[in-house]
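1. Structure for this input, please:
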Amino acid sequence: MVEIILARHGETAWNTAGIFRGRADVPLSDTGLEQAERLAAYLSAEKIDVVYSSPLQRAVRTAGTIARRQGLEVNAVENLNDMDVGAWQGLTEKQVSEKYPELYQDWLDTPEQVRLPGGETLADVRGRAMPFVEEAVVRCGEGRLVLVSHRAVNKVLICALLGLENSSFWNIKLDTGGITRFICEGDRVVLTGHNDTSYLGKVGTVPSIDF
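-> Predicted structure coming up:
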């Protein structure tokens, strides 16, 4: 049996400001750093075998707090990098809705059909992230994997692991610091917990931010 723990990185200033991040290497805020430490403490009682991360510092820093308590190294992989949001990177939701009103509404209504201008589709994200997760599970064989990534990537992976299409993207809530667990036994993948932020207490935004 392999357990997969999908963790979203801690909070950044761009999360709280409602700014699209994409590949911008935005650091964790002070709140995000505290969230990362609390996440590491929360998972410290469990034996973790491998920690993977997006290469962006907000994810690597979050993953590093977990890995250090386990005596492990962080394996940063491009497959878990945030969704490339192209021209939307660095813009607020309000700016995007004003500059790209029709496309933004499509993103809210039918995200699976949208290619962000100069960026990726959800299918692109699934195409690079899901094969990596499948390979990581096979390599592990038995044990527990932690993968630290981003909202869009983790939502797409959750859909894929549940056998859902990308059209279910907005049916999943995932806050900063939220963790989702799956157990893999043979061909069966079972969701055992979702968007757990119980360990955060009153740190940061209550509830955490699904942006």
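2. Please, where are all the strands along this protein?
-> The residue ranges that make up the strands of the chain, judged by DSSP state E, are 2-8, 50-53, 74-76, 143-149, 179-185, 188-196.
3. could you say what helices and strands the second one packs with?
-> In this case it means strand 50-53. helix 57-70, strand 74-76, helix 122-140, strand 143-149 (3 or more C-beta pairs under 8 Å, 6 or more residues apart in numbering; DSSP states H and E). (C-beta placed from N, C-alpha, C; glycine too.)
4. Single out the most deeply packed of those.
-> Burial among those, expressed as mean neighbours by mean count of other C-beta atoms under 10 Å, is greatest for strand 143-149, which shows a mean of 24.
5. pLDDT at the residue sitting nearest the centre point of the chain, what is it?
-> For the chain, the residue lying nearest the average C-alpha position, counting by C-alpha atoms, centre = their mean, turns out to be residue 150 (2.8 Å). On pLDDT, residue 150 comes in at 98.
6. With the one 4 residues further on instead?
-> With respect to pLDDT, residue 154 has a value of 98.
7. Report the contact partners of it.
-> Taking C-beta atoms under 8 Å, 6 or more residues apart in numbering as the definition of contact, the neighbours of residue 154 are 6-8, 174, 180.
8. still on that earlier bit, and the helices and strands packed on strand 50-53 as CSV, adding distance to residue 211?
-> Written out in CSV, the entries for these read as follows (distance: least, C-beta to C-beta, whole Å):
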stretch, distance to residue 211
helix 57-70, 14
strand 74-76, 24
helix 122-140, 16
strand 143-149, 15
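9. do you know which of the ones you listed lies nearest residue 29?
-> Checking the helices and strands packed on strand 50-53 against residue 29 by C-beta to C-beta gives helix 57-70 as the closest, at 9.2 Å.
10. which other helices and strands contact that closest one?
-> For helix 57-70, the contact count by 3+ C-beta pairs under 8 Å, 6+ apart identifies strand 2-8, helix 30-43, strand 50-53, strand 74-76, strand 143-149 as packing neighbours.
11. So which residues lie in contact with the fourth one, not counting its own?
-> When contacts are taken as C-beta under 8 Å, 6+ apart, the neighbours of strand 74-76 outside the stretch itself are 50-55, 60, 63-64, 67.
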